[in-house]
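Student: let me see the structure of the following:
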Amino acid sequence: MSLPLLYSTNVLLKLLIQERFRGDIHYVWCSESFDSQSLARYSLGSHIAPTSNPADIYRELKSAVQRKDQHCYKINEQKGSLKSLAVAWKTNGDISIQEEDEITYMVDNASFDDWRPLIYVIPRALVEPRLQVVPANKRASFGPEYIITDLQRHEFDIIEL
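Tutor: As a prediction, this is how the structure comes out:
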């Protein structure tokens, strides 16, 4: 049985970059549960690893932002990812070299507040035809994970805890 909502945790800066440079189209990994540890112990959904569990990602990022942890793996991973995406977008002709430079500048000069986590709450019915199952060899564990490559801003709500 498919659950009616999907959840994804992303940083504010990623939202702003996708809004400005990608036409407000968002690429997200998501899960049917915000916190896999709250599910029944023997359910498949409870087997989502901490690195893919939206609640664990949220807690890790929130703690790093509050403590101003400059060595936070998750923030550093996001920095590398956003810079790599900027290069790919420029190479594909999706953005100009000036826009690539601007994204790099934004990433390099972001405050800790810009890395704060946001929870995307996505009604599954709005994205079902475009929902992709993450291949088993790319998942962090056995639990189901999903990708939406073209999530539109009107298709999700944002909450912060």
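
Student: got the buried residues for the helix ranked longest in the chain?
Tutor: Using DSSP state H, we find that the single longest helix of the chain is helix 73-91. Of the residues in helix 73-91, those buried by neighbour count under the rule 16 or more other CB atoms under 10 Å are 74, 75, 78, 79, 82, 83, 85, 86, 89, 90. To be clear about C-beta, it is placed using only N, CA and C from the backbone, and glycine gets the same treatment.

Student: got the contact list for stretch 94-106?
Tutor: Outside of stretch 94-106, the residues within contact range by CB atoms under 8 Å, 6 or more residues apart in numbering are 13, 16-17, 21-22, 82-83, 85-87, 89-90, 114.

Student: and with 6 Å instead?
Tutor: With CB atoms under 6 Å, 6 or more residues apart in numbering as the test, stretch 94-106 has contacts from 17, 21, 83, 86, 89, 90.

Student: which residues touch the second one?
Tutor: Residue 21 makes contact with 95, 99 under the criterion CB under 6 Å, 6+ apart.

Student: so where do the helices sit in the chain?
Tutor: For the chain, the helices defined by DSSP H cover 12-21, 54-67, 73-91, 97-109, 124-127.

Student: measure the residue nearest to residue 110 when sequence neighbours are not counted to residue 111 for me?
Tutor: Residue nearest to residue 110 in three dimensions, not counting chain neighbours: residue 13, with 5.3 Å by CB to CB, 6 or more residues apart in numbering. Separation of residue 13 from residue 111 (CB to CB, to the nearest Å): 9 Å.

Student: could you do residue 94 as well?
Tutor: In this view, residue 94 and residue 111 are 27 Å apart by CB to CB.

Student: can you check residue 48 too?
Tutor: Residue 48 is 30 Å from residue 111, by CB to CB.

Student: how about residue 52?
Tutor: 27 Å.

Student: which one's more surrounded, the two?
Tutor: Between residue 52 and residue 111, residue 52 has the larger neighbour count (other CB atoms under 10 Å), namely 20 against 11.

Student: quick check: the more buried one touching residue 146?
Tutor: No: counting by CB atoms under 6 Å, residue 52 does not reach residue 146; the two are 10.3 Å apart.
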